[in-house]
Structure formats: structure tokens, C-alpha cells
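# Have a look; sequence and predicted model below, questions after that.
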Amino acid sequence: MSDSPSAAELPTSVGDIAWSVRNNITSAADVLERHLATIDEREGDIHAFNLVLADEARARAAEIDDAVTVGRDPGPLAGVPIALKDNLCTQGIPTTCSSKILDGWRPPYDATVVTRLRDAGAIVVGKTNLDEFAMGSSTENSAFGATRNPHDISRVPGGSSGGSAAAVAAGFAAASLGSDTGGSIRQPAALCGVVGVKPTYGAVSRYGLVAFASSLDQIGPFTHDVADAALVLEAISGHDQMDSTSIRQGPLHLSRQLDMGVAGLRVGRITDLPEGASPDVAARLDEAFDALRDAGAEIVDVEVPAFGYGLTAYYLIAPAEASSNLARYDGVRFGHRVEAPDTNAMYMATRTDGFGAEVKRRIMLGTYALSAGYYDAYYGRALRVRRRIAADFAAAYERADVLLTPASPTVAFHLGDKTSDPMSMYLCDTYTIPSNLTGDPALSVPFGTGDDGLPVGVQVLAPALEESRMFRTAAELERRVRK
Amino acid sequence: MNETWTFNGYEMVVGLEVHVELATRTKLFSASPNRFGDEPNTNIDPVTLGLPGALPVLNRQAVELAMRLGLALDCTVQRSTFARKNYFYPDMPKAYQISQYDEPICVDGWLDLPGSIRVGIERAHLEEDTGKSTHVGGSGGRIHGSDFSLIDFNRAGVPLVEIVSRPDIRTPDQAKAYVGELRAILVAVGASDAKMEEGSMRVDANVSVRLPGAEFGTRCEIKNVNSVRSVGRAIEYEAQRQVGMLEAGEVIRQETRHWDENDGRTHTLRSKEDADDYRYFQEPDLVVVDPDAEWIERVRAGLPMLPAARRARLAEVTGQALDAEAILVVTERGQDAYVLAVANAGGDAGRALVHVKEAFAEQGDAPIVPAADLAGLTRLEVDGKLTATQAKQVLAEFVTNGGGDAETIAAAKGFEAMDTGELESMVDDAIESQPDAWAKFCAGEGKAMGALVGAVMKASKGQADGKAVSALLEQRRAVA
């Protein structure tokens, strides 16, 4: 490796890595080794990964470099080291959801997003830690221990995709994938100071994403910047016949519009937004509106009266679906099993031992919400609230092209701060949940820092399939904050 | 079919729930083959096994077959959704069954039975089948107390349609006729092979009893009814059991009961209180199925003629009664079109019907004998050139050789057309040579005719038509 370029010369962004690998300026192997070295250096402190796939990644990097040598284009993400949330199925590679119940399970197939990343030339460097089955907002609910925030290892990275957010923030990977059911991409992105995108429901195939709440789950990228997020999303989006809820259209086209600016764009400020944002976060949001106004956007006031009911509706709908989705972990066909004298006893022993406390709490909540005699009062009513929220947003989008809110009410909090009080943890998702209920896209883009110099994320929301204007807005905010 | 059934003054009220496996190429939500009888656990995939991350994708052919059978039952095809029915069982891979619940694809149809009896169809909905468990050791093949269980997931995810009748059935015969007619329709439209013995058609019966005109009684659901015959037996037993309870002053509890073919009784399986709470909710992994008018009309236009109409057509062409056994049997075998083809080829439809019923039981809906050949045979019969006995022998040659020219075969066998004069002289010879028998016959002893006919047969070397001989003997006696 004596003739390798020094680490400082190596590209770090998705776009730069892919461009220089495709053009034979940098080798995929060198890029990968730099990321693996960073993992060696800091992973012990951060614990972003459940599994680092160094050998597989090296083999893949060699393949990509060979392809370039013989003049074959490895694809738009050539040589880009990518980390995958450990609830995305990888063929032959353990996929744990950070749960004991999936102990020893190796999926016989790849998730569609994994196939698409590989086809685009990306290199999977590892599987990242999460709150068990994506249930949580701090990545402390992991059977394998908490992940820590690279900006301050006494603090959480957010969750549930905390490992994926931390992996990008720490330089372990140029990009990562997470899943977002109520804010699980956007909130950790905000807390770790990276870009995190929840696309329109159906824009990215869920095939191979281990389900938490099927009507809310959506896969999206974490990256260092907005342009990188666009590249990754372009690679993974587009119709997939294996997912019936996948939208019948081709991949999203975002990159070319990033520099179009926001002149004339109507940016909505939600006047009846639920309270709870800390002063530092509120101040950054105000500055974001100012920055967009300076860039030529029109700031308009809108109301979304049902916004605040999102959290309540979510904590009925998501657990209800989860109670059903997680019923298959019964010890019969795969994963963990605790032997017992008969089938029912085996089910109970297996599930009692295999699931963590938060997962059990939500299974019980959801089972109750769907029960005969309670369905109408809980699940049925939550569905009506969901429709109401969607109607309120639709009305707001009559007046505004995009909306801005905080991504997280606060900057990263300390480990253990909220673990004893589930409600305080649930409130972390106040601002992110409505987009999952409506299916609309939303992203978090870093916008300055708050208390203790920790990153703050601003959330940009847009109507379904209007990722383009959402990305333009985020790109403008990114340019302004870099000035 | 018009006979009634009552027991100590009570009548039975029966509704049937029939599950049929659709004859699709692949499963309801995955690309694994839908095939019976393969090695266990070979027709499986991540969706079938309910592996984490797998998602269902609806089989269009299954939807279309459900539409076909629904339209054949005069149902309305409507916008429909899927729901999850949640319960734990080892052969239920996801611990929920994907089934249509409050919005089924087919609603409000009917099925007409012979005797002007119309049974309403409440709904016909799509759902997936479970795997198949085999419990080894212990008693009675139940999971409880068994040493271990084996699960075959080949059947898991096979598309089913559940056809739910209204409680319009009042007698065991009507129930049997309903199942038989439904089966015939399913086969005719190609929706299912509907084989009860292979489990591709399964019947549950909801049975209650009441005094005529009274409110419906409490119903019990009878499971494990595995043949058309047991449908009749099981509901008859169950209705009598319920009447017995009522007369003894007992109260009937709503429950699920198991039909035991061996002891001919139903036994409690589980009471309503023990029933699972299935926690139905709309399946978020699937989208609404809303066939447009154009699709529905295309499916409707593609429906074949249904068994009832085919029977009517066959009865008309052959001059038989609608409920004649030959009409039922030949239509059920799908050989009615063949009989019509024989008629179209200039054959005699009535004779063709009898020949097909008698000789083509193993031939399926496309007999190997060309229709024109059979037509030729019936023409020889009509013209009196072959007796019924001779015709049977020619027919046997047809079946062996896959057809042939009736005249050539008859000639080769030495069957000579016997003119009436020749036959009459043989009859007269017989009367003359057997005066005792003739006297007895004239005195009204029917048995005596046998000896006379036998003599003619002997003289004709078996070629005489027995019926014609009898007729001649009758004629002679009338003028004697």
C-alpha cells in the first residue's frame, strides 16, 4: 500500500467516491481501507455495528476495482462503503433486528434495497445496531448494548436507526440505510449531524425490511450531505414487484435539481405546531426560515390542527401492526427457541426470553388495541385520526410547497436519561410521526448546533412524491449553513 | 328434491361454508407452485414460510378464478380488501392468515337446485391455506399429547375461496345436492378440481333446528365433513341431536363440533367462549382489489355454459327427463358436448346418450371415439340394421380401437341385417317346435316367454334383437 494516497486525499462523499472510483482515480480498496481503519479506531467507543463485514467488503472492493480495470462501469455508487441497518435482510449474513429472538437466523435472500445497492456498485461494510425491531428513539433498546453518539459518547445517537446514523457521522461508512416508522431515520440524523431521509411511502421497496409497522415503515438513506442522499435514494427507489405497496414508477430523479434554489418556493411555518422544542432547536428553526427567505422563498403561515394527535394515533396503529408482524417469532421455523413440554409452553418461553421489554410492551399494547370490544375505541379511532391528519396536511399543502419543523425537540440526550420513562422517549418523535401517518416524505438536514455544541437538524416536509422540492429546500439550507 | 325433512316436528336450518382450493399455477401470494402431492416442503419460499421481511404479492389468476366462480354463482363482484386473521398455530407460518374479511370480492349470489330450490350465496372470498400438520404419537392424531409434529408447508399459501351459503337448506338431500352442484360448477368454470377426497374441497356445516315459522335456533358448526355422503349424514345426526336436547329441556350452546365418520356422531371441538379473538385488521402489505367493469365483463363473457344449462340442453336434444340419471351422469363427466356432437354428425342423440353413459365412463370429457363413428353406429340401429346386442359389441370395438366404421365392424363380425320376414319365420318356427311353452305363454305365464325367445336366439346364432322377438311373440299371442 506504499503508493496509496494518504487518507487526506481520499474522497469522503458518496458522489466523490463513486466519481473517482469509476474514473480509476481512486481504488475502491483504498476508500474501503480508510473506512475500515476508522472503524478499528472508534467502533469500540461507539458500537455502531452489530457485525462488520470486513472480509466480504474487501472481496467486493477488489471486484469493483477489477471491473474498472477491464473497463466495466461498476455503477453510480461504485466503491461507496455503505452500512445497513440490521433489520434489512442480507443473504447468508445474520440479520438480528438487535433482538435475541432472531439469534442464529441467516436470511436466504437479500432485501430489494440491498440488491439495488450492490447492483449500483456499493460495498456493504456492516450491519448496524438499532433499537430492538426498530422500537425506540435512542438505540438503547438493543439486545447487544447501546450505540453512542460520535459527537459525545456519553450521549445517545437517537433511534431507532442509531447505528446507521452514527456510522456515517463517525466516518465508518460514506452512507447507510435506515428505516423510519415514526422518525427512526430523521431523529437520529438530527442528533448525529447527518442528513437522513424518509421517502414517500412506497417510493422504496420494503421487500426484505423486517417489518415493525407495515403501513408506516419506509427505508431511507443517511449521508454526509444532501447531494449524497439524492444519489443513494436514486439508486434504491423505484417500483419493485415484490412489494405490493411499492409505487408504480421509476426511480426518483433528484440530483439535477439540487442547485435550482428556492426562489418563489412557498415554505410553510406551522403556527399550531405542538410545543416541546427546546430553545436552541427553536432558534435554529427560526434561522432556517430566515435563510430560506433570504434565498428568495416565500414564508407562509399554515395550520395543521391535528398534528398534535399524531403521537397518540401512532402509538395505537404502530403497536397494533407490530403485534401481528411479530407474532411469527414463535420458535417454530427459525431463530431462537426455548424448549418446553408442549407447543404453547414453547411459544411462551421462547417469546418471553427472546423479546426485550419495549417490544413486549408494544405487543401487549397493540394486541389490546385490536381486541374484540376495544377495536373501535382504539385502533378504529386511531385510523380516523390518521385520515384527519392527512386531510389537514393536504390543506396546508394548498398554501405551501414544503413545511419546516424541528426534526427532534432537543439535541442528543444522555444515555439512561429517558429509559425509565417510555412516554418521555415517545415524545422524541412528536415532529416526525405525522409524515409516517400521511405517507409523505420528510428529511432532516443539519442546521447549526445547539446546547453543548451538539448538532441540530431541521426537518423539511413535502407532499407525496414531491421529494424534488424537499431536496432543493434542504440543499439551500445546507448551502446557507456552510457560508 | 321436494321431500321435506322434519324430526319430531322440528325442521333443520343449514348453511354451508365450502372451502375450495383454486386451480392456479402458483400460490396466492408467492411464485411457488400450487401442486398437490409433491415431496414435503419443496414448494416453499420466504413468503410461504413467513420469513421476516417477506411480503405477499397477490396472484392475478387467483383473483380471476374467484371472479369466475362468483359470476357463475350470480354474485356481484365488488371492491375488496384483505385482512389479517391473527392466531397461533405451528402450521400457520406468519401466525396470521391473510383472508378477505369485511370486504369480500363476491357477494349476494345464488345457486339453484333441482326442484325450484334456490340457495342464497352470502359471499365468496379469497384466503390463503395453512400448512399441513401431522402429529405423531399420542392419541387420535391431535397435537395435544403427541410425541412430535411434522409440518408440510407445501399447502401453506395455496389460494382458497370460501363460499358461504345463506341458511336456506332444509334437508340433507338439499345439502348434498348443493355440494354436488357447486362442485360441478367449480369444475365447469375451471376454478378448482374440487376433490373432497384430496381436500381441495372442504365443507363445514352450520346447523340449527326450529319449529317451522319460529326464529332461528342456536347453531353449531360441524367440521371435518369429507364427502358428499357425510354432509348428509352429519347434518342429519346433528339436527336430531339438537332436537333431542331441546326436547329434554336442554339449551344448545353455540360451538364448533367435529364429525366422526367412524361412529357417525359429532363431538364438541370448542365452545364459543374458547374461540380465538382473531383481531382482524386490514392487511397493510396489500392494496385494494377493485376489478373494473371491463375486467368483470371480460371474465363473465369467458364463462362456459354451466352444468344446469348443459343438462337442460342435453335433455332437450336427447328427449330425456331433466333429472334422468344418464343426463346427470353424462353432464357431470363433461361428455354432454360429445353427445351433441354425435347428434350433429347425424347420429341418434338418445342412443348416443345411453352408449356414452354405459361405455365411456373412463373416457373423460373428450372420448377417443370420433363423434362421427358413434353417429354411424346409432344410424345402423335406427335403421334396424343392428340389434341393441350387436351395437354393444361394435361399441366395445370402438372403445378398444379408438373408433372405426360401424358397418365394416358389423360385417367383419358377421352381423347381418335380419329383415322382419326372416325374424318372423324364426318366431313361428319356435312356436311350432315348443308347443308347451307356447301354451303356457298364451295362458299368461310370463316366464314361458324365455324359452321361446331363447329358441329364436339359438336359431339366429345370437343375432336376433331380443326386444323385437318379444314384440313379435306378443303380437302372435294377441291374435291367437
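That came through fine. The structure presented is a predicted model; accordingly, all values stated were derived computationally and were not measured.
# Find the helix or strand that the residue lying closest to A:P188 once chain neighbours are set aside is a member of.
Excluding the flanking residues, the one nearest A:P188 by Cβ to Cβ, 6 or more residues apart in numbering or on different chains is A:G158, at 3.2 Å. To be clear about C-beta, it is placed using only N, CA and C from the backbone, and glycine gets the same treatment. For A:G158, there is no host helix or strand (DSSP states H and E).
# Give me the pLDDT for A:G158.
If you check A:G158, the pLDDT there is 98.
# That one and chain B: what is the separation?
Distance, A:G158 to chain B, using Cβ to the nearest Cβ, to the nearest Å: 23 Å.
# Break the chain down into its structural domains.
As the question left the chain open, I've gone with chain A. A:7-254, A:258-304+A:389-482, A:313-376 (automatic domain parsing).
# oops, chain B please
Taken from automatic domain parsing, chain B resolves into B:11-300, B:307-412, B:420-479.
# Tell me the buried residues in the helix or strand where B:S425 lies?
Assigned by DSSP H and E, B:S425 belongs to helix B:420-433. By 16 or more other Cβ atoms under 10 Å in any protein chain shown, the buried positions in helix B:420-433 come out as B:423, B:426-427, B:430-431.
# okay, who's weakest in those residues by pLDDT?
Least confident entry in the buried residues of helix B:420-433, by pLDDT: B:L423, with 81.
# The residue nearest to A:P188 and A:A412 touch, don't they?
Yes. Judged on Cβ atoms under 8 Å, A:G158 makes contact with A:A412 at a distance of 6.7 Å.
# ok, those two, which is more surrounded?
Using other Cβ atoms under 10 Å in any protein chain shown as the criterion, A:G158 and A:A412 rank with A:G158 on top: 35 against 30.
# List the residues that contact the closest residue to A:E466 other than its chain neighbours.
The shortest distance from A:E466 to any non-neighbouring residue, by Cβ to Cβ, 6+ apart, is to A:P441 (7.0 Å). By Cβ atoms under 8 Å, 6 or more residues apart in numbering or on different chains, the contact set of A:P441 is A:197-200, A:203, A:435, A:461-462, A:464-467, A:470.
# Output the domains of chain A in TSV; the columns should cover distance to B:M196.
Below are the domains of chain A laid out as TSV (distance: least, Cβ to Cβ, whole Å):
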stretch	distance to B:M196
domain A:7-254	33
domain A:258-304+A:389-482	45
domain A:313-376	29
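# Show me the one of the ones you listed that comes nearest B:E255.
Closest of the domains of chain A to B:E255 is domain A:313-376, at 17.7 Å (criterion: Cβ to Cβ).
# Next, count neighbours for residue 469.
Picked chain A for this. Look at A:R469: counted by other Cβ under 10 Å, it has 20 neighbours.
# that's the other chain; I wanted chain B
By other Cβ under 10 Å, the burial measure for B:V469, its neighbour count, is 23.
# B:D274 too?
When neighbours are defined as other Cβ under 10 Å, B:D274 has 10 of them.
# Over to A:S160?
Neighbours of A:S160 under the rule other Cβ under 10 Å: 37.
# quick one: contacts for it?
Counting by Cβ under 8 Å, 6+ apart, A:S160 has contacts A:130-131, A:134-137, A:139, A:141, A:178-179, A:181, A:184, A:188.
# May I see those residues arranged in CSV, with secondary structure as well?
Shown next, in CSV, are those (DSSP: H, G, I helix; E, B strand; the rest coil):
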residue, secondary structure
A:L130, coil
A:D131, coil
A:A134, helix
A:M135, coil
A:G136, coil
A:S137, coil
A:T139, coil
A:N141, coil
A:G178, strand
A:S179, strand
A:T181, coil
A:S184, coil
A:P188, helix
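# Chain B: which of those residues is nearest?
Chain B has its nearest neighbour among the contacts of A:S160 in A:S179, at 10.8 Å by Cβ to the nearest Cβ.
# Strands of the stretch 151-300 of chain A, residue ranges please.
For the stretch 151-300 of chain A, the strands defined by DSSP state E, counting those that start in this stretch cover A:175-180, A:195-198, A:218-223, A:266-270, A:298-302.
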